[in-house]
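*Asks:* below are the sequence and a predicted model; questions follow.
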Amino acid sequence: DGGITQSPKYLFRKEGQNVTLSCEQNLNHDAMYWYRQDPGQGLRLIYYSQIVNDFQKGDIAEGYSVSREKKESFPLTVTSAQKNPTAFYLCASSTAGLIYNEQFFGPGTRLTVL
Amino acid sequence: GEDVEQSLFLSVREGDSSVINCTYTDSSSTYLYWYKQEPGAGLQLLTYIFSNMDMKQDQRLTVLLNKKDKHLSLRIADTQTGDSAIYFCAGGGSSASKIIFGSGTRLSIRP
């Protein structure tokens, strides 16, 4: 079955620690995205990548970093510089370069900073 | 900048129609989308409309687009308890690979 997976589902972090969220897809999509979801604020774009070895900052990239070494994988690191990291993080993928941009979402990772 | 706005909550009685409204600022959006998010899960595309259309119907779902007023709506006929979710309106951003999501409307169903 084709799909997009995120792990872990729940993640707890102590203040001052970096943590990496995993996102993997087997849909053969070139484009991948990371969003942050907070209650009442919808989805905010953190980073996106349209092709391997290339990525761009979204609207709220400060305190986050990403890599795109493989087409299937787009891990997100939440660094200690992120002031308020507790949130629900969603990864998505899509076919790049099309005007019609249906994005396929993973199940999300809920990060809690203790 | 580009913006998509929705009301945060909607409560309807089971069996009634639900209408979720959305306004957007980016008139260059070629496609507009409605996504559904069930509790604790990711988003799933529910339906979409091409910008040169005024209406699209898909079983219980009707999408209306008023380009002049930059207003999009989703009507769910015969609302059921399984329709309880957060519904997101989204439109194409300045880049073909970016779309802008609204804040989401939480739909709750009362008996």
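*Replies:* Yes, it's here.
*Asks:* ok, which residues in chain A are in contact with chain B?
*Replies:* A:4, A:6, A:31, A:35, A:40-43, A:45, A:48, A:50, A:58, A:90, A:92, A:94, A:96-108, A:110 (C-beta under 8 Å from any C-beta of the partner chain). In short, each C-beta sits where N, CA and C put it, glycine included.
*Asks:* in PyMOL, how would I select just the buried ones from those residues?
*Replies:* The buried residues among the residues of chain A next to chain B can be selected in PyMOL (16 or more other C-beta atoms under 10 Å in any protein chain shown) with this line:
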select buried, chain A and resi 4+6+31+35+42+43+45+48+50+58+90+92+94+96+101+103+104+105+106+108
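*Asks:* ok, which stretches of chain A are helices?
*Replies:* Assigned helices in chain A: none (criterion: DSSP state H).
*Asks:* low-confidence stretches in chain A?
*Replies:* Along chain A, segments meeting pLDDT under 70 span A:1.
*Asks:* now do 80
*Replies:* Along chain A, the model assigns pLDDT under 80 to residues A:1-2, A:40-41, A:96-99.
*Asks:* again, but for chain B
*Replies:* B:1-2, B:26-28, B:92-98.
*Asks:* quick revisit: in strands only, show me the residues of chain A next to chain B.
*Replies:* A:4, A:6, A:31, A:35, A:43, A:45, A:48, A:50, A:90, A:92, A:94, A:104-105, A:110 (DSSP state E).
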